[in-house]
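>>> here's a sequence, model it:
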Amino acid sequence: MTSLSPSYLASFWSQPMVEVNLLIFMNLAGALALGLLVGYERSYHGRAAGMRTYGIVCMASAALTVFAGYPGFWWGGSVHSAVPVDPSRVIQGIVTGVGFLGAGVIMKEGLNISGLTTAASIWASCAIGVLVGIGFFGAAILLSLLSASLMMWGPKLEARLPSRRAMGVVLGFAPGFEPSEGVLKNTIRQWGYTVAEGSLNITAHSHTVSWNFVMVALKSRPEPNSLFELSRQLRQVQGVDSLQISHARN
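Predicted coordinates for the structure are as follows:
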């Protein structure tokens, strides 16, 4: 039987092959729906990776997993399909590849790191697709609901729990002014903050000095508490000529 013989080409459309293709189609459709569910939260909040990214990752992960379960139907069920298959190696390759995709959405700007939640949820979307591919549909649905719920309501829960907020601060001092570490630390301690250990970075250029550090609250609701009030207070510190302040989130 040649590779272009009518009987060989017809084997791709035999009843068993059509049934397997329909089963794989249902797996892909289910994985796509679950991926879109998880990705909607990211898309709603304007993240770079949205519904399409999550849907594609989840569906492709399911496709690469489910095909390994039917080696007897590869290449139309010909004798060439008698290849030993190790699904765990397929899954390992999927997880590694999606890891590189997740790393691409992690961004670091100054003291802020963003994209960690998106990267983790993309990895979870990969796991959902793998669960669908190996037939653990209930576990895949549960993981999808848990992931989407955590991303939607997790921030609200974090906001209600006691926490010590952190601010990334860059202070530029007037030319010729020599700032005192002790004075600055004592000043912000009076406001209920402290300089995070090991975060102070000093830059000197010509006759000007700038300090870059993380300011951590000593209690859950210090005063001043807002960025606007902290900005006003920091500008009044002796010698401060310029200021940059933001939430030190990750």
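>>> C-alpha only now, for contacts and for neighbours.
OK.
>>> show me the contact partners of the lengthiest strand in the chain.
Counting by DSSP state E, the longest strand found in the chain is strand 208-217. Contacts with strand 208-217, where a contact means CA atoms under 8 Å, 6 or more residues apart in numbering, come from 111, 164-178, 192-196, 199-204, 248.
>>> change it to 6 Å
Outside strand 208-217, the residues that touch it by CA atoms under 6 Å, 6 or more residues apart in numbering are 164-173, 175, 192-196, 199-203.
>>> pull out the buried members of those.
165-173, 192-195 (16 or more other CA atoms under 10 Å).
>>> those residues in helices, which ones?
Judged by DSSP state H, the subset of the buried ones among the contacts of strand 208-217 located in helices is empty.
>>> biggest separation within those, which pair?
Across these, the longest distance by CA to CA is 24.9 Å; it joins Arg165 and Phe173.
>>> what are the boundaries of the helices in this structure?
6-11, 15-44, 51-66, 87-103, 116-133, 137-160, 181-190, 227-235.
>>> before we move on, the earlier item: which of the buried ones among the contacts of strand 208-217 scores worst on pLDDT?
Ranked by pLDDT, the buried ones among the contacts of strand 208-217 bottom out at Arg165 (78).
>>> the residue nearest to that residue when sequence neighbours are not counted pairs with what?
Excluding the flanking residues, the one nearest Arg165 by CA to CA, 6 or more residues apart in numbering is Ala217, at 5.6 Å. Listed beta-bridge partners, Ala217: Tyr193 (assigned using DSSP bridges).
>>> so what's the residue count around Ala217?
23 (other CA atoms under 10 Å).
>>> and the pLDDT at Ile122?
85.
>>> likewise the one 10 residues further on?
With respect to pLDDT, Val132 has a value of 86.
>>> can you tell me how far it is from Leu142?
Val132 sits 11 Å away from Leu142, going by CA to CA, to the nearest Å.
>>> what about the two, which has more around it?
Val132 (28 against 13).
>>> please name the nearest non-neighbouring residue to Ile188.
Thr194 (6.3 Å).
>>> just want the angle from the longest strand of the chain to helix 181-190.
Here strand 208-217 points in a direction 30 degrees away from that of helix 181-190 (axes from the mean of the first three to the mean of the last three CA atoms, to 10 degrees).
>>> buried set for strand 208-217?
Buried, per 16+ other CA under 10 Å, within strand 208-217: Val209, Ser210, Trp211, Asn212, Phe213, Val214, Met215, Val216, Ala217.
>>> swap in stretch 179-186?
Pro179.
>>> could you give the separation of it from the chain centroid?
Here stretch 179-186 is found 37 Å from its chain centre; the criterion is CA atoms, centre = their mean, to the nearest Å.
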